[in-house]
Structure formats: C-alpha cells, structure tokens
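**Student:** the following comprises the amino acid sequence and a computationally predicted model.
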Amino acid sequence: MGATGQGVSLENKRKKETEVFGVTYDRYMMLQLHTYLTKELGLKTVVDMLSHGAKAAGSLYSIGFAKNGCHVTLVNPETDMMYGWQQLELEQQVSICEAIIFTTPDLQIMNLIWHLIS
C-alpha cells in the first residue's frame with residue numbers, strides 16, 4: 001500500500017511541471033518591453049526586487065535589461081536561478097544584494113526600481 005493509503009504512492013503521482021500556453025510569448029514580450037524602456041527612458045541601472053513564489057524563476061526576469069546594457073542589482077535573488085546570467089555571459093552586469101530591506105544612500109543612482117508580478 002502506498003503513502004496515500006490507496007495503493008499508489010505520492011511519488012508515482014508527481015508529474016513534471018508543464019508550462020502553460022503563452023509563457024514563451026510572455027518572455028518574448030518582456031524582452032521587448034525591456035528594450036523599449038531602456039531606450040525610451042535611457043536606463044542604465046535597474047534594481048529588481050523579486051517576487052518570491054509569484055514567478056517560477058524570479059532572478060531571470062531582469063535579464064532583458066542587462067542584454068540592453070543596464071547594470072542590474074537583484075535584491076535577495078533566487079540563487080539557483082542565476083545560471084541564466086552565466087549562460088548568457090552577463091555576470092558583469094548583475095550585482096546581488098542580500099538584505100531584509102533594500103536601501104541605497106542615494107536613490108538618484110538608480111534609474112528604475114521594480115518588482116515584477118505579471
């Protein structure tokens with residue numbers, strides 16, 4: 001008898017997560033938005049305050065800014081998601097800030113501070 005008491009164990013019931021239709025398009029549009037915002041607003045620096053649990057790979061959602069030349073600071077990133085920055089060779093354009101509350105002595109040094117939930 002399995003862990004559920006019904007003859008089938010929980011391990012056998014778990015399935016691989018499948019992304020819903022439109023996720024690839026959502027990512028494409030996010031990259032387009034980053035390109036537009038960077039050019040339109042002249043962005044150079046971005047702080048990403050992650051939405052833990054709201055997105056599957058929070059630390060990856062600001063890569064578009066880095067690809068467009070911005071330096072990105074990730075506040076409390078999901079470190080297991082940092083592989084994307086490495087794969088795209090963008091490590092020089094990202095900083096990590098481990099903090100309970102993010103503060104900067106001069107908010108004028110940041111062009112954009114955002115928290116993404118889409």
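**Tutor:** Yep, it's here.
**Student:** okay, residue 104: pLDDT?
**Tutor:** Model confidence at residue 104, given as pLDDT, is 60.
**Student:** repeat that for residue 29.
**Tutor:** At residue 29, the pLDDT value in this model is 88.
**Student:** tell me the helix or strand right after the longest helix belonging to the chain.
**Tutor:** Once the chain is assigned using DSSP state H, the helix that runs over the most residues is helix 23-41. Downstream of helix 23-41, the first helix or strand assigned by DSSP states H and E is strand 45-49.
**Student:** just the CA trace of that next one, in PDB.
**Tutor:** Extracted in PDB, the C-alpha atoms of strand 45-49 (Å, rounded to 0.1, in the frame of the first residue of the first chain):
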ATOM      1  CA  THR A  45      20.800  50.900 -13.700                       C
ATOM      2  CA  VAL A  46      17.900  48.700 -12.500                       C
ATOM      3  CA  VAL A  47      17.100  47.200  -9.100                       C
ATOM      4  CA  ASP A  48      14.900  44.100  -9.300                       C
ATOM      5  CA  MET A  49      13.100  43.400  -6.000                       C
END
